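**Student:** Curious how this folds, go ahead:
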Amino acid sequence: MVAAWRSGRIAIIHNRIPTIILWVLGVVLIVGYFQWPLMKEGLNWIGDVKSRFGFFFSFLSTAVFGGFLPAIIPGLIGRREPEPNARNIISATLFWGCKGLEIDLFYRLQAWTFGDTSAWQTIVCKTMVDQFIYVPLVGVVNIVLFYLWRDNQFSVRKTWLALGQHWYPKRVLPLLISNWVVWIPAVAIIYALPLPLQLPIQNLVLCFWVLILVVFTRVESDDSQSAVVLPME
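**Tutor:** A predicted model of the protein is given here:
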């Protein structure tokens, strides 16, 4: 547990500049939606597209922003070794497409349970359930397991052996702690918006987060692995 908190703290320190930039972008986004008619019109158009295409939109957009772009951008600018291969790109894209369906279903469940309003009580309830129930039990766990499975050549046996004992505090908890710093404010912003906009904005935040990390951070050692914050809701 102490090691997990230490790794999480390292991740927060490494990613402090990207985190601040993302917070600023989030504030601009939420203020713009409620105060700038042109931005509101543009975002509502995206929400209309999401409503029209439903789960197809969820799969495709999250596949692109959560899987395809993160897989190719670091390699394109020399930030990841070895260079991304077709298998990794395809598998990450498919995984994040399915993740988009999962997140969309979760947002709909949240709206059904707590209502689709921007009241602060509703936002707090949704954020708490999201970050302290869904993410620790499902959201980050299947991300960690997928990338471990992929790194072990998609072998269940090798993945099981690599997982080892006490895998949750060793592999999941450090990422969970570091991601809370980014995503608690981010999901609060997401839940302040109407339901049709929540997944598109989550994808947008994801994309910004990946791009900012690529520009401002670099993995320097094995100890820094936990400083790489996986994009997650």
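**Student:** in this structure, which spans are helices?
**Tutor:** All helices of the chain, identified by DSSP state H, fall at 2-14, 16-35, 37-62, 69-76, 86-114, 120-129, 141-151, 156-163, 167, 173-191, 195-216.
**Student:** Which one of those helices lies nearest to residue 135?
**Tutor:** Evaluated with C-beta to C-beta, the helices of the chain place helix 173-191 nearest to residue 135, the distance being 6.9 Å. For the C-beta atoms, the positions are set from N, CA and C on the backbone; glycine is no exception.
**Student:** Which residues belonging to that closest one are considered buried?
**Tutor:** Neighbour counts over helix 173-191 (16 or more other C-beta atoms under 10 Å) mark 173-183, 185-191 as buried.
**Student:** now do stretch 135-148
**Tutor:** For stretch 135-148, by 16+ other C-beta under 10 Å, it's 135, 139-144, 146-148.
**Student:** Quick one: these as JSON lines, columns for distance to residue 208 too.
**Tutor:** Converted to JSON lines, the buried residues of stretch 135-148 look like this (distance: C-beta to C-beta, whole Å):
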{"residue": "135", "distance to residue 208": "19"}
{"residue": "139", "distance to residue 208": "19"}
{"residue": "140", "distance to residue 208": "19"}
{"residue": "141", "distance to residue 208": "24"}
{"residue": "142", "distance to residue 208": "23"}
{"residue": "143", "distance to residue 208": "18"}
{"residue": "144", "distance to residue 208": "22"}
{"residue": "146", "distance to residue 208": "22"}
{"residue": "147", "distance to residue 208": "21"}
{"residue": "148", "distance to residue 208": "26"}
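**Student:** Can you lay out those residues as CSV showing distance to residue 107 and pLDDT?
**Tutor:** Shown next, in CSV, are the buried residues of stretch 135-148 (distance: C-beta to C-beta, whole Å; pLDDT from 0 to 100):
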residue, distance to residue 107, pLDDT
135, 13, 93
139, 12, 90
140, 17, 89
141, 19, 92
142, 17, 92
143, 17, 89
144, 22, 89
146, 21, 92
147, 23, 87
148, 26, 90
